[in-house]
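# Sharing a model that was predicted from the sequence below.
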Amino acid sequence: MEESRIAKELRGIFAPDQKGDSSQDTTASDHKGDVDKYIKFGNGDRVWRVLAVAGDKALIITKDIVIDEPYSRGSKEVTWRISGIRAWLNKEFCSFAYFSKEERARIVKVPVLNYRCWKHGTKDWPSTRDKIFLLSRGEVQGVLQNRHKRKTAMAGSSISGKWWLRSSGKCNSAAEVVLADGSIEGDEQNPPTNPSRSYTVDIGDPCGVRPALWLKITNEFEPFEITAQANGANANL
């Protein structure tokens, strides 16, 4: 079955580490990670960063923050499965307003694993099946391996900002984020510029959203590099 094949590939790329979070297995034979290329996909020629290629699929994330949104509204504690941001990504964002019919057909629905955060003591939550999702902290550590590659801004802005991860924080009333300087929880190899700052944001507060998805590769899949000149407002990020 297609689902089990995709699930197997995902486990090879984002396998749980011994502490219970998810991380990238860069030794996977059919996987090329940290591609550092870009494509245009979706209405308005939105630019996406290619994070990994596995078989006939590519994992991509928007180059810029697309919107500031709460992780969820009207609830004190939520998980990714019942979060408002998951609903927004897979309904409003994954719609004809953002993608053509042909483009939507190329977005692969995949199992999204939700491991516990060993440091905060939160437990595993049931996996979901989504077309659009947020990256977890472990996935970011695997495919965006330093702060410079994680830094980004709202489209058209030169000021870098925080963006959501789907990983729970110390409790389910907060979720982890990538800070404006690109640092995340557990960044021992790339320590933050200000180690006293919090790596979580309350779920009801707005924060940047960078949608991610697995895309079926076609003959039109032609990743390109972005130079400082072409990068415009985000050239220094």
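Ah, there it is.
# All the helices of the chain, residue numbers only.
Using DSSP state H, the helices of the chain run over 2-13, 84-88, 101-106, 137-143, 147-150.
# Worst mean pLDDT among these?
For the helices of the chain, mean pLDDT drops lowest on helix 2-13, to a mean of 41.
# State whether Ala58 and Trp214 are indeed in contact, as I suppose.
Yes. Assessed by CB atoms under 8 Å, Ala58 is found in contact with Trp214 at 7.2 Å. C-beta here means a position set from N, CA and C on the backbone, and glycine is covered the same way.
# List the residues that contact Leu213.
By CB atoms under 8 Å, 6 or more residues apart in numbering, Leu213 lies in contact with Leu59, Ile60, Ile107, Val108, Lys131, Ile132, Phe133.
# and with 6 Å instead?
Going by CB atoms under 6 Å, 6 or more residues apart in numbering, Leu213 touches Ile107, Ile132.
# The one 3 residues further on too?
For Lys216, the set of contacting residues under the criterion of CB under 6 Å, 6+ apart consists of Arg106.
# now Ile85
Tyr71.
# again, only using 7 Å
Glu69, Tyr71, Ser72, Leu134, Trp164, Val209 (CB atoms under 7 Å, 6 or more residues apart in numbering).
# the strands in this protein, which residues?
14-16, 22-24, 31-40, 47-54, 57-62, 67-70, 107-108, 110-112, 128-130, 163-168, 174-178, 200-202, 206-209, 212-216 (DSSP state E).
# Pull up the pairing partners for the fourth one, direction included.
Put plainly, it is strand 47-54. strand 31-40 (antiparallel), strand 57-62 (antiparallel) (DSSP bridges).
# And the ones you listed, which one averages the lowest pLDDT?
strand 31-40 (a mean of 69).
# Can you pull out the low-pLDDT segments for this protein?
1-35, 75-76, 115-125, 188-197, 220, 225-237 (pLDDT under 70).
# mind checking how far Cys207 is from Val50?
Cys207 is 24 Å from Val50, where distance means CB to CB, to the nearest Å.
# err, Gly186, not the other one
Taking CB to CB, one finds Gly186 at 24 Å from Val50.
# Also Ala180?
Distance, Ala180 to Val50, using CB to CB: 23 Å.
# What of Asp202?
32 Å.
# try Ile203
Distance from Ile203 to Val50, by CB to CB: 29 Å.
# Repeat that for Ala58.
5 Å.
# Also Lys149?
12 Å.
# Between those two, tell me which one has more neighbours.
Val50 (22 against 17; other CB atoms under 10 Å).
# Beta-bridge partners for that one, please?
Lys37, Ile60.
# mind checking the end-to-end distance for stretch 72-87?
9 Å (CA to CA, to the nearest Å).
# got the buried residues for that stretch?
Ser72, Val78, Thr79, Trp80, Ser83, Gly84, Ile85, Arg86 (16 or more other CB atoms under 10 Å).
# Closest to Asn219 out of those residues?
Arg86 (31.9 Å; CB to CB).
# Ignoring the adjacent residues along the chain, who's closest to that closest one?
Spatial nearest neighbour of Arg86, excluding adjacent residues (CB to CB, 6 or more residues apart in numbering): Trp80 at 5.8 Å.
# dump the residue contacts of the one you found.
Contacts of Trp80 by CB under 7 Å, 6+ apart are Arg86, Asn114, Trp125, Thr128, Arg166.
# related to what we said a few turns ago, any chance of a markdown table for the strands of the chain, columns distance to Ser157?
Below are the strands of the chain laid out as a markdown table (distance: least, CB to CB, whole Å):
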| stretch | distance to Ser157 |
| --- | --- |
| strand 14-16 | 30 |
| strand 22-24 | 29 |
| strand 31-40 | 18 |
| strand 47-54 | 14 |
| strand 57-62 | 14 |
| strand 67-70 | 11 |
| strand 107-108 | 27 |
| strand 110-112 | 29 |
| strand 128-130 | 27 |
| strand 163-168 | 13 |
| strand 174-178 | 16 |
| strand 200-202 | 19 |
| strand 206-209 | 10 |
| strand 212-216 | 20 |
